[in-house]
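In: A predicted structure for the sequence below; I have some questions about it.
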Amino acid sequence: MPVIGHAFSLPSSNPQAGQQPSLCEVLLWIAGDTFHWLHNGHHRYPPAPGEESFTDMNIRHLRQFVGGRVKVFQFTKDQERQNGADWEMWIHNRTHGVGLRIQAKKASKQRRYPFDHRVGKQNVYQCDLLVQNALTVRCVPVYLLHNHWDWEHGGEEEAAQAGLLCSHVAADGSHHGCTLLSAYRVQSEVGRKADGRNVRHAVLWAESLPWNRVLCDRRDADAPSSRSSSEILTGVFTAVKELTRVGRGLSPTYSAGSTPGDSTQEDAAYAHTPDVDDVDDALAILGSGPPRLPPHVLQLLQAHEAEPPAPPVPTVATVLVDVSDDRMQMSPSWFEGCVRHR
């Protein structure tokens with residue numbers, strides 16, 4: 001078993017001009033921090049942190065290290081209530097974007113997740129509420145899994161020997177600390193309980209993807225203009241749409257090492273995005289290209305973080321990440337391309 005230690009050091013909170021890390025790199029760092037924090041909480045220094053602690057830290061790190069490219073709006077507990085989501089995240093270029101409605105689930109010591117959790121007076125499954133409310137605000141419903149060990153995933157040692165540990169992968173497996181899973185996939189798995197069958201936690205975990213791979217905004221530090229905001233946004237769109245298609249059973253599950261953003265990208269011209277309010281599926285919301293930002297997100301872009309307008313469907317926080325062409329980032333000195341581990 002590899003030595004349990006941080007995959008790489010904490011980035012400076014005061015990067016020099018032009019050296020802010022990309023969202024992709026920060027998400028990779030958060031995943032590693034989550035991975036080790038949860039592992040230690042279960043096995044070395046109990047008790048393990050709660051899901052709310054991870055959500056708070058995720059948002060804090062995004063605000064701190066993504067710098068001027070992120071706006072964070074946090075709401076009160078009275079505004080949240082039982083809505084099937086912990087927070088909302090938009091990757092955008094100020095006119096178009098991809099929104100995620102996120103429900104966090106922490107792995108237990110036995111590597112189980114409360115996927116079949118029920119909420120509200122009507123005692124409904126949380127996954128059903130997550131899907132319903134995500135569509136109301138034109139988001140894709142996803143689960144963010146906080147994980148503490150890799151279920152015999154394998155391949156890390158071979159990847160290290162092949163020199164494939166740049167960008168998205170950590171040699172100690174800690175990039176699996178935060179993974180995304182379609183809420184539609186959770187719905188279908190929870191539906192097995194009606195037939196008296198158990199939720200297959202390991203199967204769901206294996207179908208989740210490290211979140212930095214899905215939400216990658218990397219630009220080439222040596223040629224910052226080599227990847228435009230529309231290309232970055234289209235890459236995120238393609239990855240999120242494929243994650244959703246797999247969740248709906250419309251695509252085969254991912255092969256080992258695959259990334260949905262590696263597939264052939266769809267038209268980046270944003271030619272078809274639905275205007276109707278009554279949509280019953282995240283794929284309809286996504287359309288054939290990154291959708292136009294809905295009114296509540298445009299309002300937030302104009303608002304001050306300390307005085308946000310009331311969200312249409314409350315949650316703990318909304319995070320807006322701007323990938324516009326004038327929001328460039330350079331590879332910071334603390335990252336240096338590949339993840340170091342010990």
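Out: Okay, I see it.

In: now the helix of greatest length in the chain: buried residues?
Out: Longest helix of the chain, by residue count under DSSP state H: helix 23-43. For helix 23-43, the neighbour count (16 or more other C-beta atoms under 10 Å) marks 23-39, 41-42 as buried. C-beta: built from backbone N, CA, C; applies to glycine.

In: give me the helices and strands touching the helix or strand following that helix, please.
Out: For helix 23-43, the succeeding helix or strand toward the C-terminus, using DSSP states H and E, is helix 51-65. Helices and strands touching helix 51-65, as assessed by 3 or more C-beta pairs under 8 Å, 6 or more residues apart in numbering; DSSP states H and E, comprise helix 23-43, strand 70-74, strand 97-106, strand 140-146, strand 317-322.

In: can you tell me which of these is nearest to P290?
Out: Nearest of the helices and strands packed on helix 51-65 to P290, taken as C-beta to C-beta: strand 97-106 at 5.9 Å.

In: pLDDT of whichever helix or strand comes after that closest one, averaged?
Out: Counting by DSSP H and E, the next helix or strand C-terminal to strand 97-106 is strand 118-119. Confidence for strand 118-119, expressed as mean pLDDT, is 83.

In: parallel or antiparallel, which strands does the first helix or strand past strand 118-119 going along the chain pair with?
Out: The element immediately downstream of strand 118-119 (helix or strand, assigned by DSSP H and E) is strand 124-125. According to DSSP bridges, strand 124-125 forms sheet pairs with strand 118-119 (antiparallel).

In: give me the contact list for the strand it pairs with.
Out: With contact meaning C-beta atoms under 8 Å, 6 or more residues apart in numbering, strand 118-119 is reached by 82, 84, 124-126, 129.

In: which of these are buried?
Out: Using 16+ other C-beta under 10 Å, the buried members of the contacts of strand 118-119 are 84, 125-126, 129.

In: out of these, which is nearest to S174?
Out: S174 lies nearest to Q126 out of these, by C-beta to C-beta, at 27.2 Å.

In: check the gap between that closest one and A310 for me.
Out: Distance from Q126 to A310, counting by C-beta to C-beta, to the nearest Å: 23 Å.

In: how about the strands in the stretch 201-342 of the chain?
Out: All strands of the stretch 201-342 of the chain, identified by DSSP state E, counting those that start in this stretch, fall at 209-210, 317-322.

In: export the helices and strands packed on helix 51-65 to a markdown table and tack on distance to W90 and mean pLDDT?
Out: Output for the helices and strands packed on helix 51-65, formatted as a markdown table (distance: least, C-beta to C-beta, whole Å; pLDDT from 0 to 100):
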| stretch | distance to W90 | mean pLDDT |
| --- | --- | --- |
| helix 23-43 | 12 | 88 |
| strand 70-74 | 9 | 92 |
| strand 97-106 | 5 | 95 |
| strand 140-146 | 11 | 96 |
| strand 317-322 | 5 | 94 |
